[in-house]
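Chemist: Fold the following and give me the result.
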Amino acid sequence: MNFKTGDKVVVIAGKDKGKEGKIVKTLKSENKVIVEGINMVKKHVKPNGNSTGSIIEMEAPIHASNVMILDPKTNKRTRIGHTTDKKGKKVRCTKKSNEIIG
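Modeler: Below is the predicted model of the structure:
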């Protein structure tokens, strides 16, 4: 999986298609990501000791194949490639504008 926490992505499939957000967490073993404000679900929380029970809204994981990274230069969706920088380190870059992703 080529995504990292903090990447700006757009959803390309599902009920939130077309929405943009930032990756909050990556779940590498499941090949899923959690994007802020995307795939919101209601969770019922049981009361415990000092807090009362309630229904909260939270983000659910979405499969990594259903999101694409946004190109920092053109702000359009693109694929991720890999290249080496001047120091010889492998870095991620966008396929459309060949811009290095920080």
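
Chemist: How far does stretch 88-102 stretch from one end to the other?
Modeler: 16 Å (CA to CA, to the nearest Å).

Chemist: so the residue nearest the centre of the chain, which of the three states?
Modeler: With distances taken as CA atoms, centre = their mean, I23 lies nearest the centre of the chain, 3.4 Å away. Look at I23: counting by DSSP: H, G, I helix; E, B strand; the rest coil, its state is strand.

Chemist: Quick check: it vs P47, distance?
Modeler: Relative to P47, I23 is positioned 32 Å away (CB to CB, to the nearest Å). Quick note: C-beta positions are derived from backbone N, CA and C, even for glycine.

Chemist: Equivalent analysis for V33, please.
Modeler: V33 is 31 Å from P47, where distance means CB to CB.

Chemist: so the closest residue in space to N66 that isn't next to it in sequence is in which element?
Modeler: Excluding its sequence neighbours, the residue lying closest to N66 (CB to CB, 6 or more residues apart in numbering) is A13, at 4.4 Å. Secondary structure from DSSP states H and E places A13 outside every helix and strand.
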